[in-house]
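1. need coordinates for the following:
(2 chains)
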Amino acid sequence: MKKKMVSMLLCTGMVLSMLAGCSQAAKLSTVMAAGKETSSSTEELAEGNYKIGIAQFAQHGSLDNCREGFLQGLEEEGFVEGENLEIDYQNSDADMGTAGTIAQGFAAKGVDLMCGIATPAAQACYNAALKTEIPTIYTAVTDPVAAELATEDQMPTGNATGTSDKLPVEAQLKMIRELLPEAKTIGIIYTTSEVNSESTIKEYEALVGEYGFALETVGIATIADVPSAADTILEKVDCLNNLTDNTVVSALPTILDKANKKGIPVFGSEVEQVKIGCLASEGIDYIALGKQTGKMAAQVLKGEMKAEEMPFESITESNLYLNTKVAENLGISVSDEVKDRAAETFTEIEE
Amino acid sequence: MSIIIGVLEQGMIYAMMALGIYITYKILDFPDLTVDGSFPLGAAVTAALMVKGMNPYLTLPISFAAGAAAGILTGIIHVKFKVRDLLSGIIMMTALYTINLKIAGKANVPLFSLENIFDNKVLDSIVPEAAAPYQTLVMILIILLIVKLLLDGFLRTRSGFLLRAAGDNPVLVTSLAKDSGKVKILGLAIANGLVALSGCVFAQWQRVFDISVGTGTMVIGLASVIIGVNLCRFLPRVKDTFAVLIGSVIYRACVAAALQLGLQANDMKLITAALFFIILCISMDRKKKVKAHA
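-> All right, here's what the predicted structure looks like:
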């Protein structure tokens, strides 16, 4: 009997001390939370804990920027990784099967939201979430309508919405005209297997006439075709224009080398390309695009909007990036007006 | 639980492809690279036909036929034009890239809004709601079982025996007054038919055709065959065709587990290659010993 009493006492003692410990920990955490609040006065943590699965199709500068921006956008809305947000980031290394496995994994784990970066990843997430309640937010999908993620009126086909990284084609053409008043023909090298490139080329075809250009295109299948394609097209054009075509962008140094030898300017589609030697680009800022996407995701997580009610968005404003060193090498004079408009000007060519 | 279902689904879809590779690699001893093109061929044919409004079940035999045609062409290039086995596969694979793009019309064809073999009005009305999460799995299982039983049956027929002989001992086939070249072509046709069939099911499962879907098909298939056959050697009375099936599911489970553990997909290819190399070395070792005794 005595033994039992003792053990009971011990037990209560233990329970009590545990409770005390708990309350102390709770106090500590409130103190810490208070400290956090004072340190970041503009941001307030959203209530609850959230889990987001990010499926990125491939390792790629622009896509990485998208992801970074996405997290920043969420943070601005009070979803901070490590605080009230758990991020499960997976990269499918350009493999459709793996993209499927990743998205299915997210659905199985029951994440609060899936984020698909680039078209195939977005489609994989959308497919995996079809029979669940999990919303999908995508980014870097050039043509959500062609990908059947949205209808013509920009409204989602299902519980998925996001942002498009459609190129500002008109702004680009206008800029090329400004820099090269005499040019007649624009050349584009593109990969036949990239849907995004194909739809952008259609847009160029429709618009070049308005700016007094003719369009020459050459399609390639693999990166190995780039040198001969560049040789062929450089015979016929006054300038080259890049899309966000992954294969062509990877081979950009080869193209630049060949074009420079002939004194033909190459226009880029994003800031990174201007850095390494394209003359100029009216491009979108992928970090900003990611941020915009992150804010959309925050709205969905907070329950303010449902993904299926939100039209997909795209960045309407483009930024001009300029490389004056390239202009100098090619003997192209850039007006002060253009120089002033540039969001960023590079005076050197990065190797 | 649902992650296991996902692994089983994908593993069993790829198992049909692995059965095809089993025929070329294990039975015919023919390193057939056509598969990197015939897998997306099945998917492309399926996407094109489904967009045109064809019944999704009909795409299964048509994809098989398309893949078989590709296999026959590889066979003809090899047997009739005397191009080396590896090269004839590469020729066909390269040609199929363009052909697949032409068939599908573009590099990425979404099929979200269309009825498919897993999801259609008829099936939804038959299957009770409680079984709905397993609907896809059961459908794949049924297709896979039919394929496996048909293949087992075929391997027991006269042509099946000849097929097996053509790989092990082509002289025997010739001495039976049969053309070993024709037998090879037949084997390649069946193998690539199965691979294309797998591509067809995959496209409907993923609800999208993408030209990149075929990249690495050969590696996945070979890994499944080698893992399955070598593991099941220790089990009594397991048919090779069943072993391949197990291998495919194990391979997918490994991929899923690696992803769960936080391994990057970028690293996975190297790990796959290393695993592959080790398993091949182990199985090679046995072969050498057998030869030394013989």
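2. distance of the nearest residue to A:L330 once chain neighbours are set aside from A:M175?
-> If you skip the residues right next to it in sequence, A:L330 has A:P265 as its closest partner in space, 5.4 Å away by CB to CB, 6 or more residues apart in numbering or on different chains. All C-beta atoms are positioned from the backbone trio N, CA, C, and that covers glycine. Here the criterion is CB to CB, to the nearest Å. By it, A:P265 lies 12 Å from A:M175.
3. ok, B:L111 touching B:R207?
-> Yes - in this structure, B:L111 sits in contact with B:R207. The criterion is CB atoms under 8 Å, and the distance is 4.8 Å.
4. so which residues on the stretch 101-250 of chain B come close to chain A?
-> Within reach of chain A by CB under 8 Å from any CB of the partner chain, the stretch 101-250 of chain B has these residues: B:101, B:106-108, B:110-113, B:132-133, B:202, B:205-208, B:210-213, B:215-216, B:220.
5. B:L96 contacts B:P40, doesn't it?
-> Yes - here B:L96 reaches B:P40: they are 7.4 Å apart, a contact under CB under 8 Å.
6. tell me what A:L215 is bridged to.
-> When bridges are called by DSSP bridges, A:L215 pairs up with A:I186.
7. so what's it up against?
-> A:L215 makes contact with A:T185, A:I186, A:G187, A:I188, A:I201, A:Y204, A:E205, A:V208, according to CB atoms under 8 Å, 6 or more residues apart in numbering or on different chains.
8. for the last one, what are its contacts?
-> If a contact means CB under 8 Å, 6+ apart, then A:V208 has A:L173, A:I186, A:A214, A:L215 as its contacts.
9. and these, which is closest to chain B?
-> The closest of these to chain B turns out to be A:L215 (CB to the nearest CB; 19.4 Å).
10. for the closest one, give its distance to B:M93.
-> As for A:L215, its distance to B:M93 is 32 Å (criterion: CB to CB).
11. could you do B:Q135 as well?
-> Plainly put, B:Q135 is 34 Å away from B:M93 if you go by CB to CB.
12. can you name the helix or strand that the nearest residue to B:F209 once chain neighbours are set aside falls in?
-> Distance criterion CB to CB, 6+ apart; nearest residue to B:F209, sequence neighbours excluded, is B:A47 at 3.6 Å. Under DSSP states H and E, the secondary-structure element containing B:A47 is helix B:35-51.
13. ok now that helix, how far from the chain's centre?
-> In terms of CA atoms, centre = their mean, to the nearest Å, the centre of helix B:35-51 is found 13 Å from the chain centre.
14. now swap in stretch A:47-65 and tell me
-> Between the centre of stretch A:47-65 and the centre of its host chain there is 9 Å, according to CA atoms, centre = their mean.
15. buried residues in that stretch?
-> By neighbour count, with 16 or more other CB atoms under 10 Å in any protein chain shown as the criterion, the buried positions of stretch A:47-65 are A:50, A:52-58, A:60, A:62-65.
16. so, in contact with chain B or not, that stretch?
-> Yes - using CB under 8 Å from any CB, we find that stretch A:47-65 touches chain B at A:Q59.
17. how much space between A:A221 and chain B?
-> The span separating A:A221 from chain B equals 7 Å under the rule CB to the nearest CB, to the nearest Å.
18. so that residue makes contact with A:T192?
-> Yes - under the criterion of CB under 8 Å, A:A221 lies in contact with A:T192, with a separation of 6.1 Å.
19. give me the contact list for stretch A:94-102.
-> Defining contact as CB under 8 Å, 6+ apart, one finds that stretch A:94-102 is touched by A:53, A:55, A:57-58, A:90, A:92, A:120-121, A:124, A:127-128, B:6-7, B:10, B:14, B:202, B:205-206, B:210, B:212-213, B:215-216, B:220, B:252, B:255-256, B:259, B:265, B:268.
20. what pLDDT, on average, does it get?
-> Averaged over stretch A:94-102, pLDDT sits at 87.
21. stretch B:19-35 too?
-> For stretch B:19-35, the mean per-residue pLDDT is 93.
22. please save the CA atoms from it in CSV.
-> C-alpha atoms of stretch B:19-35 as CSV (Å, rounded to 0.1, in the frame of the first residue of the first chain):
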residue,chain,number,x,y,z
LEU,B,19,8.1,-6.3,-70.1
GLY,B,20,9.0,-5.0,-73.6
ILE,B,21,12.5,-4.3,-72.6
TYR,B,22,12.7,-7.8,-71.0
ILE,B,23,11.9,-9.3,-74.4
THR,B,24,14.7,-7.4,-76.2
TYR,B,25,17.3,-7.3,-73.5
LYS,B,26,16.9,-10.6,-71.8
ILE,B,27,15.3,-12.9,-74.4
LEU,B,28,16.7,-11.5,-77.7
ASP,B,29,19.9,-10.0,-76.2
PHE,B,30,19.3,-6.9,-78.3
PRO,B,31,20.0,-3.5,-76.7
ASP,B,32,17.1,-1.8,-78.2
LEU,B,33,17.1,2.0,-77.9
THR,B,34,14.0,2.4,-80.0
VAL,B,35,12.0,2.4,-76.7
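23. how about the residues of the stretch 101-250 of chain A by chain B?
-> Of all the residues in the stretch 101-250 of chain A, those lying near chain B are A:101-102, A:104-105, A:107-109, A:119-120, A:123-124, A:126-127, A:130-131, A:146-149, A:157-158, A:192-195, A:198, A:221, going by CB under 8 Å from any CB.
24. how about stretch A:183-193: buried residues?
-> By 16+ other CB under 10 Å, the buried positions in stretch A:183-193 come out as A:A183, A:I186, A:G187, A:I188, A:I189, A:Y190, A:T191, A:T192, A:S193.
25. residues in contact with the fourth one?
-> Spelled out, that is A:I188. The contact partners of A:I188, taken as CB under 8 Å, 6+ apart, are A:I201, A:Y204, A:L215, A:E216, A:T217, A:V218, A:L240, A:N241, A:N242, A:L243.
26. so where does it fall, helix or strand?
-> Under the assignment given by DSSP H and E, the secondary-structure element containing A:I188 is strand A:185-191.
27. mean confidence (pLDDT) on whichever helix or strand comes after that strand, please.
-> Stepping forward along the backbone from strand A:185-191, the first helix or strand reached (DSSP H and E) is helix A:195-207. Averaged over helix A:195-207, pLDDT sits at 89.
28. which among the buried residues of stretch A:183-193 gets closest to chain B?
-> Within the set of the buried residues of stretch A:183-193, A:S193 lies nearest chain B; the separation is 4.2 Å, counting by CB to the nearest CB.
29. give me phi/psi at the closest one?
-> Recorded main-chain torsions at A:S193 are phi -90, psi 0, according to degrees, to the nearest 10.
30. my guess is it meets B:L101, correct?
-> Yes - the pair A:S193 and B:L101 passes the contact test of CB under 8 Å, sitting 6.4 Å apart.
31. any shared contact partners between the two?
-> Contact criterion CB under 8 Å, 6+ apart; residues bridging A:S193 and B:L101 by contacting each: B:A107, B:I211.
32. name all residues that make contact with the closest residue to chain A within the stretch 101-250 of chain B.
-> The stretch 101-250 of chain B approaches chain A most closely through B:P110 (3.6 Å), counting by CB to the nearest CB. The contact partners of B:P110, taken as CB under 8 Å, 6+ apart, are A:Q123, A:A146, A:A147, A:E148, A:L149, B:R207, B:V208.
33. quick one on the thing from earlier: chain center to the strand holding A:I188, what's the gap?
-> 23 Å.
34. what's the angle between that strand and helix A:195-207?
-> Between the direction of strand A:185-191 and that of helix A:195-207, the angle (axes from the mean of the first three to the mean of the last three CA atoms, to 10 degrees) works out to 160 degrees.
35. and strand A:185-191, C-alpha only, in PDB?
-> Output for strand A:185-191, consisting of C-alpha atoms alone and laid out as PDB, is shown next (Å, rounded to 0.1, in the frame of the first residue of the first chain):
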ATOM      1  CA  THR A 185      14.600  41.300 -90.900                       C
ATOM      2  CA  ILE A 186      14.500  39.800 -87.400                       C
ATOM      3  CA  GLY A 187      15.700  36.200 -87.000                       C
ATOM      4  CA  ILE A 188      14.600  33.800 -84.300                       C
ATOM      5  CA  ILE A 189      16.100  30.400 -83.500                       C
ATOM      6  CA  TYR A 190      13.800  28.100 -81.600                       C
ATOM      7  CA  THR A 191      13.400  24.600 -80.400                       C
END
